[in-house]
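[1] Next come a sequence and a model predicted from it.
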Amino acid sequence: MMPFNLAKAEQLIAAVRAEPELSGVKIMVGGGAVNLAPEIKERIRADGWAGDAAQAVQVAAGWSEAK
């Protein structure tokens, strides 16, 4: 069972993915729930995940370098 806030995140990501004009938007997840259950990031279809803020900066930097 997925905690309530993760179910909402899944719905929000699905809504973003459904909008063609947002096709270039990258979505990153993180925090305690993702750290404890890494399979969550695949379920909610995020583009990336980070275990902490420093790692989030590295992930985002990789996205900007890939452009």
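    Yep, that arrived.

[2] make it CA atoms for all contacts and neighbour counts henceforth
    Noted.

[3] Wait, a strand at residue 29?
    Yes - counting by DSSP: H, G, I helix; E, B strand; the rest coil, residue 29 falls inside a strand.

[4] can I assume residue 49 sits in a helix?
    No - according to three-state DSSP, residue 49 belongs to no helix; its state is strand.

[5] Look up how far residue 15 lies from the residue nearest to residue 32 when sequence neighbours are not counted.
    Nearest-residue entry for residue 32: residue 51, 7.9 Å, with adjacent residues in sequence omitted and distances by C-alpha to C-alpha, 6 or more residues apart in numbering. Distance of residue 51 to residue 15, computed by C-alpha to C-alpha, to the nearest Å: 24 Å.

[6] One more: residue 6?
    Counting by C-alpha to C-alpha - residue 6 and residue 15 are separated by 14 Å.

[7] Which one of those two is surrounded by more residues?
    Each of residue 6 and residue 15 has its neighbours counted (other C-alpha atoms under 10 Å); residue 6 has more, 18 against 11.

[8] roughly how far apart are that one and residue 30?
    For residue 6, the distance to residue 30 - C-alpha to C-alpha - is 11 Å.

[9] now swap in residue 49 and tell me
    Using C-alpha to C-alpha, one gets 5 Å for the distance from residue 49 to residue 30.
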